[in-house]
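1. when you get a sec, could you give me coordinates for this:
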Amino acid sequence: MAIDLYSSCPCGSGKKFKWCCQPIHVQIDKAFQQDQEGQHDAALRMMDDVVKEHPGNPEAWGRKALLLYNNERVDEAESALQKAFEINPNYPFGHLLRGLFRQHEGEIQGALLLFRRAAELYDPEAKDVLAQVYSLIGDSELKLNRPVAAHAALQVCQRLRPSDELGQDLEALFGPSSRLPAAARRHYTFQSPPREATPDKRNAWNQALAGAATGKLTDAARVFEQLTKDDARDAAACYNLGLARAWLGDNPSALAALDQYLSLENDEQRAAEAWALAEVLRFGQGMEDQADYVDHSATFQVREPQRVFSFLEDWQRERRLTGVQVREQEGMITGIVLDRTGLLTTAGASAQPARMGAYLLVLGNQILLLRGTNQEAVNRAFQEIQERLGPALSEARLARGPANFGDTLAEALVFPVGATDQAIAQQQIREHVQRYFEETWLHRPLRSLGNVAPIDAAGHPVLRKKLLGVVQFLEECAAGGTEPYDFNRLRHKLGLQQGAPAAAPAEQPSAAALDIDALNTADLGGLKTETLSEAQLEQAWRAAQRLDAQELASHFARQMVARPPSAERPDRFSWYTFLVQRALAEGNKDAALEYINAGEQADSEQNEGRRRNDYELRRGEVLAKRGEAEAAHEVFDRLIGSAPAELRYAGKAAESMLGIKQGAAALKFAERGLAKSREKNDRDSEQYFMELVAAAKKQVG
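-> So this is what the prediction gives:
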């Protein structure tokens, strides 16, 4: 570890090395030379002599600690290093050495804190040592899944000690061919001060920039922290504070600063890029409580390898395990466990695609690991393994940690294991990815949006900017996928694209060209319903529901029931019952009853009365909500009498009567359902009706 003659001495005296500890390093270097030649005892005796001659010099104790550690005398090394710190708590080499101790013990987080402390204490002119320190920082940050901090550290390392090898490593990690999303590998820079900045502010800004250039990121963060305290409306200072903290690996504080920046930044593109950066920070170690994607794992010790491998072969035959790869040189087997409850119903039974359950890893015939971001799916997989393998495995060790960036798309994927036609398989994958983002993800509350769903965040001024960043980050994570999804569809559905809606022009596209599923709320509202076929109108109704545009969905439903019936679709119950639900949600119970009457009449005239009982059930429920207990009781009584085997009617009747405090009537219906469920030997229904009976008896008193 070379020490520049004209840099500050590593003992922390403040003097130049040449005029301070260089003389004792002649003896120290001889001791280490002897140690390398195998003369360990002689080397340690020589180092003892150095300490005796210089008992107040932390460098003597620090180098002794290193020599002891190299000879596996760990406790003595720790004691010697402690004596060095007692002399000088800011001994830079001591912090570096203790960091190496912690790193060798596997304490990455503790080692990183010590490496960063050493970087702050070393003289900027000690370039060789600092280059090593920043290399250690970069490596540690990568292990903690903090690529932004790692990138910054390795760039400092490259500036201090330029090398082709490090340049190639940086290119591989953060260049265009990197597997990281663009937000995780982008070359970030500080923003400039505002034009109206005072000379004092500009001087402070320049001071922070100079500190960052030499790797003194703590100083830069401190300056921008003060600037934000002086002016909480300074967007650029807030951004720079967030970036400096991100470079330092302080992801929670960086996220807080970027959150403040988003509320101030008016440029949506710059705000989106900042929040895409924030998404990257959420994937770092220790950010699990603020992340929307968290890795859940179950680790087993393998006790009977042969049984485990036989089981995995069974899983492959059952099409539960796919994508298996055997890496003999690494002693590793990997694969993907398909979720047993994840079968979709959109295809035939022989070609049903399956959803992702968990990633599987078998390491060295000793460890079996299951991991994934869907905790329930991972739990199902590990419980099945535990049940089927029993003592062949140890008890599972469950853990929670940062997800991989690629895991953002895991839930969107399906595996068409039964499909024999490649084109059909690809279509199934594409359709599921589209449904996931446009129907499921759209309504999922996200921590990155303050636990607000994307569909609700799009109309909020600050959340909209965050949503733009979240979508940008997802798109970057998906880049290069085998079945790419067009995220502009998602932006359009959320109303995030600038300019006029593209799908509802003055001249509506022909029926063949109209992609209703791709429309957003504004587009749907601009549709000319009279030009739509019945199938398209139903599609628009469903699309409005997925976008939570309930008034628009009601409009389409009313249009549907107003049209003459078609021979292909005489049953209109789904639209009438939707209108009933919307009327009840709006508190209009009279309108709800009118829709039931109209629907029942249409069903009688157009559908041979096939839905009569369904309408009667809804009538009884609405009458109960209107407080018309006697009329509701009469409807339920008549309905149950006409179909006594249908347990659902008795249950709904009991629930409705309980809801309006009619305990005696509820008890009657619940007991009828209980008797019928026992007659049918339906255990689940029996338990359900027993609970209803108990609740009714409690009301009766």
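2. flag the shaky bits of the stretch 501-650 of the chain, pLDDT-wise.
-> 501-513 (pLDDT under 70).
3. kindly recompute the last result at 50.
-> 501-507, 511 (pLDDT under 50).
4. please apply the same query to the chain.
-> 343-350, 499-507, 511.
5. look up how far residue 542 lies from the residue nearest in space to the middle of it.
-> With distances taken as CA atoms, centre = their mean, the residue of the chain nearest its centroid is residue 293 (1.8 Å). For residue 293, the distance to residue 542 (CB to CB, to the nearest Å) stands at 28 Å. For glycine as for every other residue, the C-beta is placed from the backbone atoms N, C-alpha and C.
6. and residue 163, by the same measure?
-> For residue 163 relative to residue 542 (CB to CB), the value is 59 Å.
7. and these two? Which one has more around it.
-> Shown here are residue 163 and residue 542; by other CB atoms under 10 Å, residue 542 has more neighbours (16 against 11).
8. mind giving me the packing neighbours of whichever helix or strand the more buried one is part of?
-> Under the criterion of DSSP states H and E, residue 542 resides in helix 534-546. If contacts are counted by 3 or more CB pairs under 8 Å, 6 or more residues apart in numbering; DSSP states H and E, helix 534-546 sits against helix 521-525, helix 550-562.
9. how about 10 Å then?
-> helix 521-525, helix 550-562, helix 573-585 (3 or more CB pairs under 10 Å, 6 or more residues apart in numbering; DSSP states H and E).
10. any idea how far residue 390 is from residue 379?
-> Residue 379 is 18 Å from residue 390, where distance means CB to CB.
11. so between the two, which is more surrounded?
-> Counted by other CB under 10 Å, residue 379 and residue 390 do not tie: residue 379 has more neighbours, with 18 against 11.
12. how about the more buried one, phi and psi?
-> phi -60, psi -40 (degrees, to the nearest 10).
13. any idea how far it is from residue 362?
-> For residue 379 relative to residue 362 (CB to CB), the value is 19 Å.
14. equivalent analysis for residue 253, please.
-> 39 Å.
15. show me which of those two is the more surrounded one.
-> Per other CB under 10 Å, whichever of residue 253 and residue 362 has more neighbours is residue 362, with 22 against 17.
16. which SS class is that one?
-> Here residue 362 is strand, with the state taken from DSSP: H, G, I helix; E, B strand; the rest coil.
17. ok, now which ones touch the residue nearest to it when sequence neighbours are not counted?
-> Excluding its sequence neighbours, the residue lying closest to residue 362 (CB to CB, 6 or more residues apart in numbering) is residue 333, at 4.2 Å. Shown in contact with residue 333 (CB atoms under 10 Å, 6 or more residues apart in numbering): 308-309, 312, 324-327, 360-365, 368.
18. and of those residues, the nearest to residue 428?
-> residue 324 (21.2 Å; CB to CB).
19. in contact with that closest one, which residues?
-> 312-313, 315-316, 333-336, 360, 362.
20. at 6 Å what do you get?
-> By CB atoms under 6 Å, 6 or more residues apart in numbering, residue 324 lies in contact with residue 335.
21. confirm it sits in a strand?
-> Yes - applying three-state DSSP, one finds residue 324 inside a strand.
22. ok, now how distant is residue 170 from residue 158?
-> For residue 170 relative to residue 158 (CB to CB), the value is 6 Å.
23. to clarify, my last question referred to residue 334.
-> Relative to residue 158, and taking CB to CB, residue 334 is found at 33 Å.
24. ok, residue 636 next?
-> 78 Å.
25. compare those two and say which is more crowded by neighbours.
-> Shown here are residue 636 and residue 158; by other CB under 10 Å, residue 636 has more neighbours (27 against 18).
26. how about the more buried one, secondary structure?
-> Per three-state DSSP, residue 636 ends up helix.
27. Three-state assignment for residue 178, please.
-> Applying three-state DSSP: residue 178 is coil.
28. how about the contacts made by it?
-> residue 185.
29. phi first, then psi, for it.
-> Dihedral angles (degrees, to the nearest 10) for residue 178: phi -60, psi 150.
30. then residue 298?
-> phi -130, psi 120.
31. number of nearby residues for it?
-> Number of residues near residue 298 (other CB under 10 Å) recorded here: 23.
32. name the nearest residue to it, ignoring sequence neighbours.
-> Using CB to CB, 6+ apart, the closest residue to residue 298 is residue 382 (3.8 Å).
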